[in-house]
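**Student:** Sequence first, then the predicted structure:
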Amino acid sequence: MEAAMTTSLDQRRLTAALRRSAVRATLAPSVHNTQPWHFALRDGTLQISADPSRQLAVLDPTGRQLTISCGCALFNARVSLAASGITTEVQRLPDPARADLLARLVPTGSRDASVDSIAALDNVVELRHTNRRRFADDEVPAELVETLQNAAAREGCELFAIRRDEHRLAVAILSQRADDIQNVNPAYRAELRAWTTSDIGRTDGVPTSAIPRVDGDTRDEVPIRDFDTNGLGILPSGTRSSRNQCLLLLGTQGDDPLSWLRAGEALQRIQLEVTRQGFAASPMTQVVEVVSTRAQLRSELNLSMSPHILLRVGRAPITPATRRRRLVEVLSES
Ligand SMILES: Cc1cc2nc3c(=O)[nH]c(=O)nc-3n(C[C@H](O)[C@H](O)[C@H](O)COP(=O)(O)O)c2cc1C
């Protein structure tokens, strides 16, 4: 009798921890804040699936960024379970017949949360926001870059620090070229407009409160995506990002859905570590969205990896949180 009660109590605790991990997963970043995911609590596991109806057809025809976004959510769920003291097996792309099922988290036991190094990142999940402000001029310490490179390696990815002058110049020129190519495409602009919002009731899309105003004063050497399609951006226009800022390029050896999922997990691990150390970051992906500039980036930087995310790291005042869809829309339980 006592054993049965303990079992059902353990079961309830486990379900609560899995549900919590889904809630934390929803706080992950996603391309254009599309939140292209669905979570299911099933048979004592948490399943994370892609929601293809939220894929950006123009910007992301292969679904790479959709999968990276889901990888970020997966990492938040892993962190939450670690903080609850639950060890888990992560099964990635577990069912060849279901390409949308990206991961299954299977609890395997419990132990002291402090032994798992990612558990400590749980405290900063709500504090991480994409920060598109001007970053202060102070240098990002080499030790932090090393910590971030280790974080990427722990997720099976590579983080290339863009340091040499000719590499910085190449990144700036190629990013500007990608920005030009995209902005003359009416379909790209229409998609961007559809996912940028000043409607405070809307629970997805990039809000104007999180984007800089674009008024000709921007002068970024590495452009920040111009979300300000309606001239309603609320953050100051002077972002003035320079070639000398800390720029990191995240990549993987492969270029397939499993690699993209791992890249998302690494991206989130890096961003949470950045947040924990009092810094801010913003992903910039235009240069890898345009097929020609992505190929040039690989050759000019002599990369053996496939590049996925350019990340800007620095110090800046906080930016407001973006909204998330209601839990009932993204979580099912059976
Ligand atoms: C795969 C991916 C690509 C992204 N690309 C860009 C980008 O090119 N420019 C940008 O300003 N933000 C980019 N972001 C940040 C998203 O716009 C941001 O995560 C989303 O609006 C939610 O806001 P939050 O990160 O503050 O929670 C990207 C995020 C992800 C996960």
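**Tutor:** Yep, that arrived. Predicted, not measured: the structure shown is a model, and the values here were computed from it.
**Student:** which one's the longest helix in the chain?
**Tutor:** Assignment by DSSP state H gives helix 2-25 as the longest helix of the chain.
**Student:** what helices or strands is it leaning on?
**Tutor:** strand 37-42, strand 45-50, helix 64-83, strand 101-110, helix 327-330, strand 331-333 (3 or more C-beta pairs under 8 Å, 6 or more residues apart in numbering; DSSP states H and E). Quick note: C-beta positions are derived from backbone N, CA and C, even for glycine.
**Student:** Can you get me a residue count around the residue of the chain found nearest the ligand?
**Tutor:** Relative to the ligand, the nearest point of the chain is residue 29 (2.8 Å; C-beta to the nearest ligand atom). Number of residues near residue 29 (other C-beta atoms under 10 Å) recorded here: 22.
**Student:** One more: residue 189?
**Tutor:** Quick note: residue 189 (other C-beta under 10 Å) scores 15 neighbours.
**Student:** Surely it and residue 183 touch.
**Tutor:** Yes - if you go by C-beta atoms under 8 Å, residue 189 and residue 183 touch, sitting 6.7 Å apart.
**Student:** who in this protein is up against the ligand?
**Tutor:** Neighbours of the ligand within the chain, by C-beta under 6 Å from any ligand atom: 29-33, 65, 68-69, 72, 129-130, 132, 206, 224-225, 282-286, 322.
**Student:** State whether residue 169 is indeed within a helix.
**Tutor:** Yes - assessed by DSSP: H, G, I helix; E, B strand; the rest coil, residue 169 belongs to a helix.
**Student:** Please name the nearest non-neighbouring residue to residue 160.
**Tutor:** residue 249 (4.4 Å; C-beta to C-beta, 6 or more residues apart in numbering).
**Student:** residues contacting that neighbour?
**Tutor:** By C-beta atoms under 8 Å, 6 or more residues apart in numbering, the residues touching residue 249 are 159-160, 162, 171, 297, 301, 303, 307, 309-311.
**Student:** Give me the sheet partners of the helix or strand harbouring it and which way each runs.
**Tutor:** In this assignment (DSSP states H and E), residue 249 forms part of strand 246-252. Strand 246-252 has the following strand partners under DSSP bridges: strand 158-161 (antiparallel), strand 306-314 (antiparallel).
**Student:** mind putting those in JSON lines, distance to residue 136 included?
**Tutor:** As requested, those are exported to JSON lines (distance: least, C-beta to C-beta, whole Å):
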{"stretch": "strand 158-161", "distance to residue 136": "19"}
{"stretch": "strand 306-314", "distance to residue 136": "6"}
